[in-house]
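Trainee: Output the structure for:
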Amino acid sequence: MNEDAGAATPDGEVAHLRTKLAEAQDRHIRAAADLENLRKRCATQVSRAAEETRAAVAAEWLPVVDNLERALDHARARPDAIVEGVTSVRDQALEVLAGLGFPRRDDIGAKFDPARHDAVAVQPEPTTEAGTVIKVVRPGYGEGEHQLRPAQVVVAGPS
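Mentor: So this is what the prediction gives:
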C-alpha cells in the first residue's frame, strides 16, 4: 500500500497530516536545540579567545614590569641611574605597543587631521603653515582604524 492510498479517506488524510506535523515539529525542536548549542559554543569560544588575548597582552607587559623593578633596585644603589633605567623601560614599553600594532606616532610637522589628532591649542607660528602640528602634548598610538588613541597636539594658527 502506498502512502497516498491511506490518505484517500478523510481519517487517513488527517492521520497523514498529523504525522507530517509531528515530523515538522520534531525537526523544528531539533533545529532550535542545535541553534542554542551553537550559540553556547560560540559564546564559549569568544570568551576563551578574549581570555587568551588578555593573557597574551599581559605576558607582553611582564618584562616591562620586571625591568621597572630592576630600574628601581638600581636607583636605590645608584640614584643617578634612575633616568637611564626609566628611559630604557619606556623604550621597551614602546616596543611592546608597536608589536601589538599600536606604534607611537611622531606627529610634529604633520598636517592636523581630526581623525588622528585632538587639538588642545592653536598658537601663532610665523615660520610654519597654519594647520601644522607644532607640538605634541600627549602622543598618539596606532594608525587608521587601529588607533589606540589620538595625539593631543598644539597646531600652528595664522600669524
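Trainee: how's this structure carved up into domains?
Mentor: Domain assignment for the chain, taken from automatic domain parsing, gives 1-100, 102-159.
Trainee: I'd like the ones you listed laid out as TSV, including mean neighbour count.
Mentor: Where you see a C-beta, it was placed from the backbone N, CA and C, and this is true even at glycine. Below are the domains of the chain laid out as TSV (neighbours: other C-beta atoms under 10 Å):
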stretch	mean neighbour count
domain 1-100	12
domain 102-159	15
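Trainee: hey, least reliable of those domains by pLDDT?
Mentor: Lowest mean pLDDT of the domains of the chain: domain 1-100, a mean of 88.
Trainee: Centre of the chain to it, how far?
Mentor: 13 Å (C-alpha atoms, centre = their mean, to the nearest Å).
Trainee: cool, stretch 145-159 as well?
Mentor: A distance of 21 Å separates the centroid of the chain from that of stretch 145-159, by C-alpha atoms, centre = their mean.
Trainee: Now do the end-to-end distance for it.
Mentor: End-to-end distance for stretch 145-159, by C-alpha to C-alpha, to the nearest Å: 34 Å.
Trainee: mind checking the longest helix of the chain?
Mentor: helix 10-77 (DSSP state H).
Trainee: Which strands or helices does that helix pack on?
Mentor: helix 3-6, helix 81-99 (3 or more C-beta pairs under 8 Å, 6 or more residues apart in numbering; DSSP states H and E).
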